[in-house]
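S.K.: Structural data only, the sequence is not supplied:
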């Protein structure tokens, strides 16, 4: 199963737009941008994304990228997927 990574357009002021573009360059991921994910409290406070239905958040956009990759690797271990993760 390809990891699904969802971003909120309203959260881009935290720098998540760069994270989203970086992840979009990997064809092993399904990256989706929505106008709203319904997590307004998180959206206002810090960078976040939803990875395979689970909120992943971090203090900075760079740390969010690392947290997303870690989440995908953990997901991969659980389901024994062989994905090319940078």
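M.R.: Yep, that arrived. Note that the coordinates shown come from a computational prediction; the quantities given were computed from them, not determined experimentally.
S.K.: What lies in contact with the longest helix seen in the chain?
M.R.: The single longest helix within the chain, with elements called by DSSP state H, is helix 61-79. For helix 61-79, contacts defined as Cβ atoms under 8 Å, 6 or more residues apart in numbering pick out 1, 3, 5, 14-16, 18-19, 22-23, 29, 47-49, 51-52, 54, 56-58, 81-83, 85-86. Backbone N, C-alpha and C define where each C-beta goes, glycine included.
S.K.: Pull out the buried positions in the lowest-mean-pLDDT helix or strand in the chain.
M.R.: When the helices and strands of the chain are scored by mean pLDDT, DSSP states H and E, helix 40-45 comes last with a mean of 77. Across helix 40-45, burial judged by 16 or more other Cβ atoms under 10 Å covers 42, 43.
S.K.: quick one: contacts of it?
M.R.: 8, 10, 11, 36, 37, 48, 55, 57.
S.K.: And the furthest pair within those?
M.R.: Using Cβ to Cβ, the pair of those lying farthest apart is 36 and 57, separated by 16.4 Å.
S.K.: Could you check which of those two is surrounded by more residues?
M.R.: In terms of neighbours (other Cβ atoms under 10 Å), residue 57 is the more surrounded of residue 36 and residue 57; the figures are 17 against 11.
S.K.: that older thread, could you redo the contacts of helix 40-45 as TSV and give each row distance to residue 64 and pLDDT?
M.R.: Shown next, in TSV, are the contacts of helix 40-45 (distance: Cβ to Cβ, whole Å; pLDDT from 0 to 100):
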residue	distance to residue 64	pLDDT
8	12	92
10	15	89
11	10	90
36	18	80
37	14	77
48	7	94
55	11	94
57	7	94
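S.K.: so where's the chain uncertain?
M.R.: The chain contains residues with pLDDT under 70 at 80-86.
S.K.: Could you rerun that using 50?
M.R.: Along the chain, segments meeting pLDDT under 50 are nowhere present.
S.K.: residue contacts, residue 31?
M.R.: 5, 6, 7, 20, 23, 24.
S.K.: Could you do residue 58 as well?
M.R.: Neighbour list for residue 58: 46, 47, 48, 64, 66, 67 [criterion: Cβ under 8 Å, 6+ apart].
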